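**Student:** Kindly generate the corresponding structure for this input.
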Amino acid sequence: MRSKWKGPFIKQKLYLKKNKIIIFRNIEIVPAFVGFCFYVYNGKSFVNITVNEKMIGHKFGEFCFTKSKLYYGSKN
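**Tutor:** As a prediction, the model looks like this:
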């Protein structure tokens with residue numbers, strides 16, 4: 001948890017790969033990111049996340065799940 005007096009953690013350099021904006025999971029979402037699409041790596045693949053107003057103040061990792069749900073038996 002980062003202290004509030006330090007402000008949000010924002011990486012100054014954005015990584016571009018094949019015209020995709022790659023961003024880390026530990027970066028906090030600020031109002032300047034609203035409306036943009038980012039790709040976040042979940043350990044297996046890149047997940048497309050579009051930022052809206054409700055996401056401000058959270059981190060990108062909260063919206064990029066690393067584990068899938070496991071279902072036992074048949075799913076009806």
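**Student:** quick one: the strands in the protein?
**Tutor:** Using DSSP state E, the strands assigned to the chain run over residues 15-17, 20-23, 37-41, 46-50.
**Student:** what about Arg2, how many neighbours?
**Tutor:** 11 (other C-beta atoms under 10 Å). Every C-beta, even on glycine, is put in place using the N, C-alpha and C of the backbone.
**Student:** which residues does it contact?
**Tutor:** 8-9, 28 (C-beta atoms under 8 Å, 6 or more residues apart in numbering).
**Student:** same question, Ile10
**Tutor:** 27-28, 30 are the contacts of Ile10 under C-beta under 8 Å, 6+ apart.
**Student:** how close does the residue nearest to Cys64 when sequence neighbours are not counted get to Ser3?
**Tutor:** Excluding its sequence neighbours, the residue lying closest to Cys64 (C-beta to C-beta, 6 or more residues apart in numbering) is Val40, at 4.2 Å. For Val40, the distance to Ser3 (C-beta to C-beta, to the nearest Å) stands at 24 Å.
**Student:** Which one's more surrounded, these two?
**Tutor:** Just comparing Val40 and Ser3: by other C-beta under 10 Å the higher neighbour count belongs to Val40, 19 against 6.
**Student:** if I read this right, that one contacts Phe46, doesn't it?
**Tutor:** Yes: if you go by C-beta atoms under 8 Å, Val40 and Phe46 touch, sitting 6.9 Å apart.
**Student:** what do the two both touch?
**Tutor:** Ile22.
**Student:** Any regions of this protein where pLDDT drops low?
**Tutor:** By pLDDT under 70, the low-scoring segments of the chain are 1, 12-13, 75-76.
**Student:** center of it, which residue is that?
**Tutor:** Phe60 (2.4 Å; C-alpha atoms, centre = their mean).
**Student:** Please give me every residue in contact with it.
**Tutor:** 23-27, 29, 38, 40, 49.
**Student:** now do Tyr15
**Tutor:** 21-23.
**Student:** Check Val30 too.
**Tutor:** So Val30 contacts 8, 10, 56 (C-beta under 8 Å, 6+ apart).
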